[in-house]
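Undergrad: quick one, what's the 3D model for this:
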Amino acid sequence: MNLSDLFDLSLRGRRDVIALEFRGQTYTFGEIDASSNRLSQLLARRGLKPGDRLCIYLANCIEMIDLYLACVKLGVIFVPINILYRDREITHILNDAEPLAVVSDASLVPAVPAWHPAELSAEAQAMSDERPRVFLDGDAPAGIIYTSGTTGTSKGAVLTHNNFAANAVNLVACWQITSADRFLLALPLFHVHGLGNGVHCWLLSGCRMRLLERFERQNAAETFLDFRPTLFFGVPTIYVRLLDFPEEQAREIGRFVRLFVSGSAPLPAQVLEEFRAKFGHTILERYGMSETLMNISNPYTAERRPGSVGLPLPGVSVRLLNEAGDAVAPGETGELYLKGPNVFGGYWRRPEATQASFRDGYFKTGDLAVREPDGYYTLCGRRSDLIISGGFNIYPREIEEFLQEQDEVAEAAVIGVPDRVRGEAPVAYVVLARAIEPESLEERCRAKLASFKVPREFIAVEQLPRNAMGKIQKHLLPQKAAR
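TA: Reported below is the predicted structural model:
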C-alpha cells in the first residue's frame, strides 16, 4: 500500500462528509479528492513523472493540500520550503533538490520555472478528475524535508510513503483520533509537524479540520470558541501565548478540547503546570525529528510526566549509548539512537552523510536523554549546538558563516539563550575587523536569513575563547540572562 490507499479511507470512504474549513469555505473529502486528481493530471501534462521533485514555497492554503495530494497520487516527490526562508536559503534547496519547478505566489528569481498556485488551480479546472494510473510501493519517496546540518548547509531527509504511513497509523491509534474529532491546525505545512502529523492524521482518521494560514495570538481565543475543536497540535511558543487567554475563556475551551499536543521543541515543565491549572488539561508532549517523524510520546490514558517525552511509540526501538557505543543504565545520560518504520532511509544525494548518521541500523539523533526505570525518556540536551526557537531548528554554523562573510566581521560565534516565549533565541558574539553598528548587522541578516535565525543581540568581543587545539569554547562566552 502507499499513502493514496491509506487516504482513500477518507477521500473515497467519506466522500460527502465535510473534511476541511479554510478562510470560511468548506470542502468535502470527495471535493478534495477530485480537485487533487485534476491537479495531478495537470502536473503530468506539464512533464512531472514519478521520482521528479516539485518544490513548494507557500503559506498554509488549500492549494498546498491539493498539491501535496496530487504529488502523492502521481509519485512526484513533494519538497516544501520554509516560507520564512530568503533567497540564500531557497537557492540552496533548489540547487540541491533540482526540482522540475517551484510553486509560489511570491516574487522569486529561481533557477527553475516558477508556477503560480492560482494559475495552476484555474488551469486544472479543465482537466479530468480521474486519478492518474501510477503504481507506487510503500518504499517510494513521498517528500524531501530539508533540515539544517551541523556544517551549515541544509540536507534533504527523504521520507517514504511507508515512513509517513507508519507515523500516522501510530498517532491515530495512540492518541485515539477518530472521525468524530474536530481538529484545529495552525502549524505550517512546510514543517513535518504540520504536514507529517497534522495532514496525515486528518486524512487517515477522517475528522473535520480547520486549517489556519498561521497562528495569530490576537484572534486565537475567538477561533477556538468559534470552531470548538477537540484536538489541537502546537509548539511551546503557542502554548505560552495561550496562557494569555482570560480565565473564563480558558475554562470554556478546556471543556470542549480533549487533547492538546506539544512538540518541535522542549516544553518547559512550568508552562505545562500553568496550562493545566488554567485550562484543566495536561498537554501531551512527544519527541520527533524531521528524519524520523514521531518516536516517543507521553501516553494518552496514563501519566503525562512533566519534562518527559514519554515512551517509545509502537514499532520504534530506542537505544541510549555512551561515546564508546555502550548502552547506559537507567538514570544515566546517553545519546538517543532510533530504529523503526518511521525512520528515513537517508539524505538526498548525501551518501557519506547518510552513512555517518547510522550505526548498526540505528539512526544517531545527536540528542541526549535519560531513561527512567519505568521506561519514560527525558531529553537532556543536544550533542550538537542546535538551537530550537519557536519550533524551528537553527544551526549556529549557518549564521556564523554568513556573519563572517561581512567585511567588518573577523570571527563570529552564535549560541542559544533561554527565551520564555520561543524556548531559545540565538545571540551572536563577533570579533570586529572594523567598526559596525549592531543594527547594520541585524539588517543584513534580516535581508538574507529567515527571521527566526536573526540573532537577538550582536555582542562585540575582543576575542573568542578557544582551547589548545584552537576550537572555540562557546560555554566560556559571557552568558546572557533568560528573558
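
Undergrad: what's the spacing between residue 411 and residue 16?
TA: According to C-beta to C-beta, to the nearest Å, residue 411 and residue 16 sit 63 Å apart. Where you see a C-beta, it was placed from the backbone N, CA and C, and this is true even at glycine.

Undergrad: the two - which one has more neighbours?
TA: Between residue 411 and residue 16, residue 411 has the larger neighbour count (other C-beta atoms under 10 Å), namely 17 against 9.

Undergrad: quick one: residue 311 and residue 296 touch, right?
TA: Yes: counting by C-beta atoms under 8 Å, residue 296 is a contact partner of residue 311 at 6.4 Å.

Undergrad: who's more crowded, the two?
TA: Shown here are residue 311 and residue 296; by other C-beta under 10 Å, residue 296 has more neighbours (24 against 21).

Undergrad: and the more buried one, how far is that from residue 367?
TA: 10 Å.

Undergrad: does residue 211 touch residue 21 like I think?
TA: Yes: with contacts counted by C-beta under 8 Å, residue 211 reaches residue 21, the gap being 7.1 Å.

Undergrad: where does the stretch 101-250 of the chain dip in pLDDT?
TA: 109, 148-152 (pLDDT under 70).

Undergrad: how about the helices of it, start to end?
TA: Secondary structure of the stretch 101-250 of the chain (DSSP state H, counting those that start in this stretch): helices at 117-124, 161-174, 192, 200-205, 220-227, 236-242, 247-256.

Undergrad: now do the stretch 351-483 of the chain
TA: Counting by DSSP H, counting those that start in this stretch, the helices of the stretch 351-483 of the chain are 351-356, 396-404, 438-448.

Undergrad: check those for me: which has the lowest mean pLDDT.
TA: Confidence, taken as mean pLDDT, is least for helix 396-404 of the helices of the stretch 351-483 of the chain (a mean of 87).

Undergrad: ok and it relative to helix 438-448, angle-wise?
TA: 120 degrees (axes from the mean of the first three to the mean of the last three C-alpha atoms, to 10 degrees).

Undergrad: care to break this protein down by domain?
TA: In terms of domains, the chain is parsed into 3-214, 387-476 (source: automatic domain parsing).

Undergrad: between those domains, which gets nearest to residue 223?
TA: Taking C-beta to C-beta, domain 3-214 is the member of the domains of the chain nearest to residue 223, at 7.0 Å.

Undergrad: what's the spacing between that closest one and its chain's center?
TA: Averaging C-alpha positions (C-alpha atoms, centre = their mean, to the nearest Å) puts domain 3-214 14 Å from its chain's average.

Undergrad: export the helices of the stretch 101-250 of the chain to CSV and tack on distance to residue 401 and mean neighbour count?
TA: Shown next, in CSV, are the helices of the stretch 101-250 of the chain (distance: least, C-beta to C-beta, whole Å; neighbours: other C-beta atoms under 10 Å):
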stretch, distance to residue 401, mean neighbour count
helix 117-124, 33, 16
helix 161-174, 31, 22
helix 192, 25, 28
helix 200-205, 35, 24
helix 220-227, 37, 16
helix 236-242, 26, 21
helix 247-256, 44, 15
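
Undergrad: compare those and give me the one nearest residue 141.
TA: Judging those by C-beta to C-beta, what sits closest to residue 141 is helix 161-174, at 8.0 Å.

Undergrad: list the helices and strands the closest one packs on?
TA: Contact partners of helix 161-174 among helices and strands, from 3 or more C-beta pairs under 8 Å, 6 or more residues apart in numbering; DSSP states H and E: helix 3-11, strand 141-148, helix 200-205, strand 293-297.

Undergrad: distance to residue 50 added to the ones you listed, as a markdown table?
TA: Converted to a markdown table, the helices and strands packed on helix 161-174 look like this (distance: least, C-beta to C-beta, whole Å):
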| stretch | distance to residue 50 |
| --- | --- |
| helix 3-11 | 12 |
| strand 141-148 | 9 |
| helix 200-205 | 20 |
| strand 293-297 | 22 |
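
Undergrad: deepest-packed of those, please.
TA: Most buried of the helices and strands packed on helix 161-174, by mean neighbour count (mean count of other C-beta atoms under 10 Å): strand 293-297, with a mean of 27.

Undergrad: can I get that strand in PDB, CA atoms only?
TA: Extracted in PDB, the C-alpha atoms of strand 293-297 (Å, rounded to 0.1, in the frame of the first residue of the first chain):
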ATOM      1  CA  LEU A 293       8.800  11.800  12.300                       C
ATOM      2  CA  MET A 294       7.500  10.800  15.800                       C
ATOM      3  CA  ASN A 295       9.500   8.500  18.000                       C
ATOM      4  CA  ILE A 296       8.400   8.900  21.600                       C
ATOM      5  CA  SER A 297       5.200  10.100  23.200                       C
END
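
Undergrad: show me how far it is from its chain's centre.
TA: With C-alpha atoms, centre = their mean, you get 13 Å for strand 293-297.

Undergrad: where exactly do the strands run in the stretch 201-350 of the chain?
TA: 208-211, 231-234, 259-262, 284-289, 293-297, 311-312, 317-321, 333-339, 346-347 (DSSP state E, counting those that start in this stretch).

Undergrad: one more: the stretch 51-200 of the chain?
TA: 53-57, 77-80, 101-104, 114-115, 141-148, 154-160, 182-185.

Undergrad: now the stretch 351-483 of the chain
TA: So, for the stretch 351-483 of the chain - with DSSP E, counting those that start in this stretch - the strands run 358-359, 362-371, 377-382, 387-389, 392-394, 409-419, 423-432, 458-460.

Undergrad: circling back: for residue 39, find the nearest of the helices of the stretch 101-250 of the chain.
TA: Judging the helices of the stretch 101-250 of the chain by C-beta to C-beta, what sits closest to residue 39 is helix 117-124, at 4.6 Å.

Undergrad: quick one on the thing from earlier: of the strands of the stretch 51-200 of the chain, which is nearest residue 93?
TA: Here strand 141-148 is closest among the strands of the stretch 51-200 of the chain (C-beta to C-beta), at 5.4 Å.

Undergrad: what about the longest helix in the protein?
TA: With secondary structure taken from DSSP state H, the chain has its longest helix at helix 29-45.

Undergrad: which residues are contacting it?
TA: 10-17, 19-20, 27, 54, 65-67, 69-71, 73-74, 76, 120-121, 123-125, 127-132, 206 (C-beta atoms under 8 Å, 6 or more residues apart in numbering).

Undergrad: angle of that helix against helix 117-124?
TA: Using the same axes, to 10 degrees: helix 29-45 against helix 117-124 is 90 degrees.

Undergrad: got the CA coordinates for helix 29-45 in PDB?
TA: Extracted in PDB, the C-alpha atoms of helix 29-45 (Å, rounded to 0.1, in the frame of the first residue of the first chain):
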ATOM      1  CA  PHE A  29     -13.400  14.700   1.100                       C
ATOM      2  CA  GLY A  30     -14.800  14.000  -2.300                       C
ATOM      3  CA  GLU A  31     -14.200  17.500  -3.500                       C
ATOM      4  CA  ILE A  32     -10.600  17.400  -2.200                       C
ATOM      5  CA  ASP A  33     -10.100  14.100  -4.000                       C
ATOM      6  CA  ALA A  34     -11.500  15.400  -7.300                       C
ATOM      7  CA  SER A  35      -9.600  18.700  -7.100                       C
ATOM      8  CA  SER A  36      -6.200  16.900  -6.400                       C
ATOM      9  CA  ASN A  37      -6.900  14.400  -9.200                       C
ATOM     10  CA  ARG A  38      -7.400  17.300 -11.700                       C
ATOM     11  CA  LEU A  39      -4.200  18.900 -10.400                       C
ATOM     12  CA  SER A  40      -2.200  15.700 -10.700                       C
ATOM     13  CA  GLN A  41      -3.400  15.400 -14.300                       C
ATOM     14  CA  LEU A  42      -2.200  18.900 -15.000                       C
ATOM     15  CA  LEU A  43       1.200  18.200 -13.300                       C
ATOM     16  CA  ALA A  44       1.600  15.200 -15.500                       C
ATOM     17  CA  ARG A  45       0.800  17.200 -18.600                       C
END
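
Undergrad: I'm done for today, thanks for sticking with me.
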